[in-house]
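K.L.:
Quick check, what structure comes out for this input:
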Amino acid sequence: MIPPLLAPFSVSNKTELTAAIQSPNVEPTIIPDASNSSNKIMIVDNLRASAPVVVDSTRTNVTHLPPNSNYSFSGDESYVNSGWMFPKGEVPPGASPITSFTVTFENPGTYYYICVLHPWMSGTVNVN
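P.N.:
Numbers count the residues shown, from 1 in each chain. So this is what the prediction gives:
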């Protein structure tokens, strides 16, 4: 279950957006909502792709983890994400300060992983 990096949300045309980071290089993506003329579509970062999160096997229970978490993986999760990680001292302004994510595997098995930014970067962890 690879989440999209960005997610569209329909909001009222009356909704005003104010940048939380005062920068000349920040602008939201907004497009007309073709299905509802009183709304506009706003494109935002998908938290499930960029921040530490666990989704259970039913895909209904979501647990948000703090940055730089230690997570004990049972093997019945449908999705576990470390969040976007950056080298120490190189976290971009406004990004979550995630520089590590530790996983402990509780059960034997083969576990697959993938980078949501670079899907060709994937692999497996074999736990005996």
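
K.L.:
By mean pLDDT, which helix or strand of the protein comes out lowest?
P.N.:
Here the helix or strand of the chain ranked lowest by mean pLDDT, DSSP states H and E is helix 47-50, holding a mean of 88.

K.L.:
Just the CA atoms of that helix, as PDB, please.
P.N.:
Taking Å, rounded to 0.1, in the frame of the first residue of the first chain, the C-alpha atoms of helix 47-50 are listed here in PDB:
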ATOM      1  CA  LEU A  47       1.000  12.900   6.100                       C
ATOM      2  CA  ARG A  48       0.900   9.100   5.600                       C
ATOM      3  CA  ALA A  49       3.700   9.400   3.000                       C
ATOM      4  CA  SER A  50       5.900  11.900   4.800                       C
END
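
K.L.:
From the chain's centroid, how far away is that helix?
P.N.:
1 Å (CA atoms, centre = their mean, to the nearest Å).

K.L.:
Start and end of stretch 26-44, how far apart?
P.N.:
12 Å (CA to CA, to the nearest Å).

K.L.:
Name the residues of it that come out as buried.
P.N.:
33, 39-42 (16 or more other CB atoms under 10 Å). In this view, the C-beta of every residue, glycine as well, is placed from N, C-alpha and C.

K.L.:
same question, stretch 56-67
P.N.:
For stretch 56-67, by 16+ other CB under 10 Å, it's 65, 67.

K.L.:
how far does it stretch from start to finish?
P.N.:
So stretch 56-67: terminal residues 19 Å apart, CA to CA.
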